[in-house]
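Q: Fold the following, please.
(chains A and B)
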Amino acid sequence: MATEQLRAQLAAIAHELGAGDVAVVLETPRNPEHGDVASNLALVLAKRLRRNPRQLGEEIAARIDLAATGLESAEIAGPGFINFRLAGASLQSQVTGILAADRGYGRSQTGAGRRVLVEFVSANPTGPLHVAHGRGAALGDGIAALLEWTGHAVAREFYVNDAGVQIDRLAESLEARWRQQRGEAASIPEGGYHGDYLIDLARVVDADLGPELATLASEARRRTLRDYAVERLRQEQDADLREFGVHFDSYFSESELYAAGLLTETRQELRTRGLTYEQEGAVWLRTAAFGDDKDRVLVKSDGTFTYFLPDIAYHRDKARRGFDHAINVWGADHHGYVPRMKAALAALGLPDFLDVEIVQMVRIMRGGVEAKFSKRAGDFVTLRELFEETGRDVARYFFLMRRGDTQMLFDLDLALDQSEKNPVYKVQYAHARMMSIFRKGGVGADAVVATAAELARLTHELERDLIKQLTLFPGVVERAAEARAPHVVCDYLEQTAGMVNSWYHAGNPNRNPALAVLAQDPATRSARLALARATRVVLRNGLELLGLSAPERMQREDSE
RNA sequence: GCGCCCGUAGCUCAGUUGGACAGAGCGGCGGCCUUCUAAGCCGCGGGUCACAGGUUCGAAUCCUGUCGGGCGCGCCA
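A: Predicted coordinates:
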């Protein structure tokens, strides 16, 4: 790639000028007058070398071997930017590169050799998944995909909190519903679960195990109900996620930690390392020595563990399983928990092992008012209700198109709009348009190729702009992976789709038929088909990276 | 009280390892349909980047403070 050669040359020149190692930043200026590629290298070096930036820019520009990097010109502008113009041929040759890479276009090996565990959703098995879980699911899956695209070995994991107080409340709540179902007076315990879904479950469990339950002693009955509820609700969550298009490589349950003796083992290790102490009958961990506000309790004075200990044991286990790095996608209500978790891992000698991505809350707006309640689930809207109404692609995209760490408004009216106002359809439609051209032209989408001589026909400004845009894709993926930010990809795809549409519509028979992809002239036609395919490759790869479909044709559902 | 996130166009949001006039989508206004699918396209208007200081050749971006919104601060999970 021409830009990579340029980058290398600039880095070398920086060395020659005595500036040492510099991360050369190349960007595509918004203003076309500023060329195809621009670098602020002179500005960066000016500071370091205490020299006039423009003068330095001239000096750098003079040292560049234009021909060797496929450049037409380099000029100094503004405070000291160096603006480069690509030679036409090098731009056109990018198309060939994209077609050759095809499904691999956008992939890189930046993260090769790194094993990363991405843990997300990890909802308690106490009820249906709600929209915030959906956002976490989309984001976790998107982050995992970005890491895969940059060469990391990624595993997706769901942590099941199937032991502990909340599960006891679940069992008690189900028992109350079951008794109500049998005509007995019973009420949901404090801190229990009030949603209608437990009424449904009570009916099912009664049909399933009713007679048996009636004969059991209360202890055994509650255990039976607990296991039943956890299993059923887990299955329901799995089904929701599967239909949402999110798949996990592994599930790790809290009860496994107990069974494998990892809690006592972890506690032992912490003690051996001199990290714990007893005070007021409880066992404390010295997290304050590792960046936390204060020390935290591991074992309560009544002898039971806090939630903290299993979490430490779990994360310690992640490292023991051979992962170099762990990324957790957590809800905003857990952000205060991050420092102590990191502190605990630092105490175990894993200071940079964990990164936590916080997912903020989602508000659903319909007709200008906030939709809050679900009949079945009680005080929240379920993920399933959402994606059954909008469709999977739309729901996923809407969750992904915003930064995860800020609160978002989910505009249901826009989500249900099937025109190109809806950003999802705008991108998908741009892809479908390219596919429709191939159908019309009678060529296989994946078979299109063009010679360099033919590609030389791509001289129109819209074509040049589009090619430049397509060449940005790999960099966008890398940047998005680095920032764990799928929305960067969404922004890019929307922008690309806009440019695709401009190009496509410019060739409308009523506007300028000479610009149609399926032009009369065979060479031009071949070149434009190749560009159309390169476009399709980028849009498809981007959509699939985000876990969305890249449709061959768009079908509108008739509005009811 | 302390900590974290946030405050950018009428609305929803990008841009925040400092850089060229602050961007997109939606909404608004004005054009354009016997279509390589108008589910659209082209153009126009719209902002004291919450506020006040500071650092810098240069600040939406960094620092300090103020105001406003959200969340978290348990021997809960």
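Q: Surely residue A:241 is within a helix?
A: Yes. Counting by DSSP: H, G, I helix; E, B strand; the rest coil, residue A:241 is found in a helix.
Q: Name the nearest residue to it, ignoring sequence neighbours.
A: The spatially closest residue to residue A:241, leaving aside those adjacent along the chain, is residue A:137, at 6.2 Å (CB to CB, 6 or more residues apart in numbering). C-beta coordinates here come from the backbone N, C-alpha and C atoms, glycine included.
Q: doesn't residue A:383 make contact with that neighbour?
A: Yes. Residue A:137 lies in contact with residue A:383 (CB atoms under 8 Å); the separation is 7.5 Å.
Q: Need the overlap of contacts for these two.
A: Both residue A:137 and residue A:383 are in contact with A:129, A:244, where contact means CB atoms under 8 Å, 6 or more residues apart in numbering.
Q: Under a three-state scheme, what state does residue A:410 occupy?
A: strand.
Q: so how many other residues sit close to it?
A: By other CB atoms under 10 Å, the residues close to residue A:410 number 23.
Q: check contacts around it.
A: Residues in contact with residue A:410 (CB under 8 Å, 6+ apart) are A:131, A:362-365, A:386, A:398-399.
Q: So which of those residues wins on neighbours?
A: In those, the most neighbours by other CB under 10 Å go to residue A:399, 29 neighbours.
Q: Among the contacts of residue A:410, which are located in strands?
A: The strands, defined by DSSP state E, take in A:362-365 from these.
Q: show me which of those neighbour RNA strand B.
A: For RNA strand B, no contacts are drawn from the ones in strands among the contacts of residue A:410 by CB under 7 Å from any atom of the strand.
Q: Take these and lay them out in a markdown table including pLDDT and distance to residue A:254.
A: Listed next are those as a markdown table, based on pLDDT from 0 to 100; distance: CB to CB, whole Å:
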| residue | pLDDT | distance to residue A:254 |
| --- | --- | --- |
| A:362 | 90 | 26 |
| A:363 | 89 | 30 |
| A:364 | 89 | 31 |
| A:365 | 87 | 36 |
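Q: okay, now the residue of chain A found nearest RNA strand B: neighbour count?
A: Across chain A, the shortest distance to RNA strand B (CB to the nearest atom of the strand) belongs to residue A:336, at 2.1 Å. Neighbourhood size, residue A:336 [other CB under 10 Å]: 9.
Q: hang on, it is in a helix, isn't it?
A: Yes. The assignment for residue A:336 (three-state DSSP) places it in a helix.
Q: Can you tell me which of the ones in strands among the contacts of residue A:410 lies closest to residue A:97?
A: Ranked by distance to residue A:97 (CB to CB), those are led by residue A:362 at 39.5 Å.
Q: Return the helix or strand in chain A with minimum mean pLDDT.
A: Lowest by mean pLDDT, DSSP states H and E among the helices and strands of chain A is strand A:26-27, with a mean of 72.
Q: For that one, name the packing helices and strands.
A: The contact analysis (3 or more CB pairs under 8 Å, 6 or more residues apart in numbering; DSSP states H and E) places strand A:26-27 against helix A:2-16, strand A:37-39.
Q: what mean pLDDT would you report for the shortest one?
A: The one in question is strand A:37-39. Averaging pLDDT along strand A:37-39 gives 81.
Q: Following element in sequence after it, please.
A: helix A:41-49 (DSSP states H and E).
Q: Just the buried positions in that next one, please.
A: Neighbour-count burial for helix A:41-49 flags A:41-46 (criterion: 16 or more other CB atoms under 10 Å).
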